[in-house]
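1. No sequence on hand, only this structure:
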């Protein structure tokens, strides 16, 4: 099981992958922030109240996607390309999820696979909090 400190280090490494990264956060299966946050000096585009709603919705969506694993295979990541930001989610063990965001100009095909390399140990181990 990864400690909160280990998860925090992974979030920091993700934000250092590219200067256009905005955030890296680990959300547990109930939609609560476990570790990580916004890159220092940046402000979230949404209010804190909306963060919490987004985290809960994301946790639910990750669980629902698993319903199709047998037919389609396991989800490695999902991405939303929005007008102001790119949001990527990476399912972890126990329905936990890594939520990462970057500026729209980021090379999202490259960064997504770099993030997958960094979190490969978290995908198969329990990270219950």
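-> Noted; the coordinates are in hand. Since the structure is predicted, the reported quantities are computational estimates derived from the model, not experimental observations. Numbering: from 1, shown residues only.
2. Nearest the middle, which residue of this structure would you pick?
-> In the chain, the centroid-proximal residue (C-alpha atoms, centre = their mean) is residue 99; its distance is 1.8 Å.
3. Settle this for me: that residue is touching residue 31, isn't it.
-> No - using C-beta atoms under 8 Å, residue 99 is not in contact with residue 31, being 10.5 Å away. For the C-beta atoms, the positions are set from N, CA and C on the backbone; glycine is no exception.
4. all helices of this structure, in order?
-> 4-15, 48-65, 69-72, 108-119 (DSSP state H).
5. Determine which of the ones you listed approaches residue 94 most closely.
-> With C-beta to C-beta as the measure, helix 48-65 is the member of the helices of the chain nearest residue 94 (10.2 Å).
6. Which positions in that closest one come out as buried?
-> For helix 48-65, a neighbour-count test (16 or more other C-beta atoms under 10 Å) marks 51, 55, 58-59, 62, 65 as buried.
7. Between all of these, which two are separated the most?
-> Maximum distance among the buried residues of helix 48-65 (C-beta to C-beta): 20.9 Å, for 51 and 65.
8. returning to what we had before: what is the lowest-pLDDT residue among the buried residues of helix 48-65?
-> Of all the buried residues of helix 48-65, residue 51 has the smallest pLDDT value, namely 81.
9. What distance do you get for that residue to residue 96?
-> 16 Å (C-beta to C-beta, to the nearest Å).
10. Likewise for residue 19?
-> Applying C-beta to C-beta to residue 19 and residue 96 gives a distance of 27 Å.
11. Please identify which of the two sits among more neighbours.
-> The residue with more neighbours, out of residue 19 and residue 96 and counting by other C-beta atoms under 10 Å, is residue 96; that gives 25 against 10.
12. my guess is that one meets residue 28, correct?
-> Yes - between residue 96 and residue 28 there is a contact under C-beta under 8 Å: 5.2 Å.
13. Please name the residues that touch the residue nearest to the centre of the chain.
-> Counting by C-beta atoms under 8 Å, 6 or more residues apart in numbering, residue 99 touches 23-27, 55, 58, 87-89.
14. could those residues go into CSV alongside distance to residue 108?
-> CSV is the format used below for the contacts of residue 99 (distance: C-beta to C-beta, whole Å):
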residue, distance to residue 108
23, 14
24, 14
25, 17
26, 20
27, 20
55, 21
58, 18
87, 10
88, 7
89, 13
